[in-house]
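*Asks:* here you go, sequence then predicted model.
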Amino acid sequence: MKTSRHLAAALAAAAALTLSAPAAHAAPAPASPWCASGKTVNFAGLNWESARFLTEVMRYVLEQGYGCKTDALPGTSIAMELALARNDIQVFAEEWIGRSTAWNDAAKAGKVMAVGDIIKDSSEGWYVPEYLVKGDARRGIKASAPGLRSVADLPKYKELFMDDEEPDKGRFLNCPSGWTCQGVNTQKLKAYGMGESYVNFRPGTGPALDAAIASAVQRGRPVLFYYWSPTAMMGRYKFIRLDEPAFSQACWETLTTPNNPHPCGTVNPPNRLRVGLSRAFHDADPALAALFEKMNVPVDLLNALLAEREARKLEAPALAVLFLKRQPAIWQAWMPAAVAAHISSTLK
């Protein structure tokens, strides 16, 4: 990602030159000690859609509201978490707390800090299209599984989700091989007594999983799959999440141990999505730490934004500006009024 400022910021700066009072658009004195010292705030250049969006929102706010220089350094999640622990980067926009050994070790060592709740009410689990259970009169689709509510119901619906290559079994669309969720779902198939009645189908990539789901939904076909939010997929279509047994830590440990011969089923633990900061940055800049502590984007809004990005082929910086223009009531609550007013002036 280039270090140049966002296009929207450049246009706003150019427009400021036409004002009779040049000071009207001058950046306020930085409230950030880190940025006032001339240091760059380096972000993790994360590669999933919600994290890319959040990173660009944060960069715009820091650049236009606090006079900061920012950059985003590309790398895998684990590499970025290790970089955060070394203070090579300062901000990890969407950290899934407790899912990474690299993060857990750095947190225990006091090298990183998790602040705020950047996305609340995110979810993951096993889903089916809503029309299977409720039908869709607009599309002329009758409910083919009106009694489907829970994973416990799935063995009797294997014919509905028939696998193309093994028609005597149903098909479950798992995560791609190599993803943590793939191993968990494989153990769940055993725990729910579906190991012999369903094919554990692993798409080669995330986009391949998306394509398989979207193709089935667009044709009004049955499909059973694992998925999560926030994502564009959840913003585009209506799905029903199947009930699973209440969370049990003991059972969760059997699901995260790939070779456990007797896994027991449980819903995934609640997600905690927070902003990760290097300890050095957190302690050096109380103003920006307080900003990140207050940041939150509602998950339903985020799903809809990501779906719009996909439909309109928007890049993450453009989507960030769109959000800031449309949703001032959300982001202005994160910061002092003077900072919010200056950011607003760049968005006109």
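*Replies:* Structure received.
*Asks:* which secondary structure element of this protein has the lowest mean pLDDT?
*Replies:* Here the helix or strand of the chain ranked lowest by mean pLDDT, DSSP states H and E is helix 7-16, holding a mean of 38.
*Asks:* what's next to the very next helix or strand once past that helix, contact-wise?
*Replies:* Later in the chain than helix 7-16, the nearest helix or strand by DSSP states H and E is helix 33-36. Applying Cβ atoms under 8 Å, 6 or more residues apart in numbering, the external contacts of helix 33-36 come out as 29-30, 41, 62, 66-69, 90, 281, 284-288. Every residue, glycine included, has its C-beta placed from N, CA and C.
*Asks:* I figured residue 88 hits residue 42, correct?
*Replies:* Yes: using Cβ atoms under 8 Å, residue 88 is in contact with residue 42, at 7.0 Å.
*Asks:* what sits in contact with each of these two?
*Replies:* Contact criterion Cβ under 8 Å, 6+ apart; residues shared by residue 88 and residue 42: residue 73.
*Asks:* which of those two has more neighbours?
*Replies:* Neighbour comparison, residue 88 and residue 42: the larger count goes to residue 42, with 21 against 15 (by other Cβ atoms under 10 Å).
*Asks:* contact partners for that one?
*Replies:* For residue 42, the contact set (Cβ under 8 Å, 6+ apart) comprises 70-73, 88-91.
*Asks:* confirm that it sits in a helix.
*Replies:* No: read with DSSP: H, G, I helix; E, B strand; the rest coil, residue 42 is strand and lies in no helix.
*Asks:* element containing the residue nearest the centre of the chain, please.
*Replies:* The centroid of the chain falls nearest to residue 50 when counting by Cα atoms, centre = their mean (4.1 Å). Taking DSSP H and E as the definition, residue 50 sits inside helix 49-66.
*Asks:* dump the C-alpha coordinates for the helix or strand just after that helix into CSV.
*Replies:* Next along the chain after helix 49-66, taking DSSP H and E as the criterion, comes strand 69-74. Output of strand 69-74 as CSV, limited to C-alpha atoms (Å, rounded to 0.1, in the frame of the first residue of the first chain):
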residue,chain,number,x,y,z
LYS,A,69,1.5,10.3,8.8
THR,A,70,0.4,6.7,8.3
ASP,A,71,1.4,3.6,6.3
ALA,A,72,0.2,0.1,6.0
LEU,A,73,2.7,-2.8,5.8
PRO,A,74,1.5,-6.0,4.1
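*Asks:* so strand 69-74 versus helix 49-66, what angle?
*Replies:* Here the directions of strand 69-74 and helix 49-66 differ by 160 degrees (axes from the mean of the first three to the mean of the last three Cα atoms, to 10 degrees).
*Asks:* what comes up buried for strand 69-74?
*Replies:* 70-72 (16 or more other Cβ atoms under 10 Å).
*Asks:* ok, now which ones touch the residue lying closest to residue 124 once chain neighbours are set aside?
*Replies:* Distances taken as Cβ to Cβ, 6 or more residues apart in numbering place residue 228 nearest to residue 124, at 3.7 Å, with adjacent residues excluded. Contact analysis of residue 228 by Cβ under 8 Å, 6+ apart lists 122-125, 181.
*Asks:* wait, is residue 228 part of a helix?
*Replies:* No: assessed with three-state DSSP, residue 228 is strand; it does not lie in a helix.
*Asks:* got a pLDDT number for it?
*Replies:* Looking at residue 228, its pLDDT reads 92.
*Asks:* please renumber so the chain begins at 215
*Replies:* With the count now opening at 215, the last piece we talked about shows up as residue 442.
*Asks:* how near is it to residue 423?
*Replies:* 11 Å (Cβ to Cβ, to the nearest Å).
*Asks:* try residue 537
*Replies:* Per Cβ to Cβ, residue 537 is found 26 Å from residue 423.
*Asks:* ditto for residue 373
*Replies:* The value you get for residue 373 to residue 423, if Cβ to Cβ is used, is 23 Å.
*Asks:* higher neighbour count, these two?
*Replies:* residue 423 (22 against 12).
*Asks:* need the contact list for that one.
*Replies:* 387, 389-390, 417, 439 are the contacts of residue 423 under Cβ under 8 Å, 6+ apart.
*Asks:* out of those residues, which are buried?
*Replies:* The neighbour-count test (16+ other Cβ under 10 Å) applied to these identifies 387, 389, 417, 439 as buried.
*Asks:* give me phi/psi at the first one?
*Replies:* What it means is residue 387. Per-residue torsions, residue 387: phi -80, psi 110 (degrees, to the nearest 10).
*Asks:* who touches it in this structure?
*Replies:* Here residue 387 is in contact with 415, 417, 423, 426-427, 437-440 (criterion: Cβ under 8 Å, 6+ apart).
*Asks:* and the residues you listed, which two are the farthest apart?
*Replies:* Greatest spatial distance among the contacts of residue 387 (Cβ to Cβ): 417 and 438, at 13.4 Å.
*Asks:* which stretches of the stretch 365-514 of the chain form strands?
*Replies:* Remark: strands assigned in the stretch 365-514 of the chain by DSSP state E, counting those that start in this stretch are 384-387, 412-415, 439-443, 453-455, 487-492.
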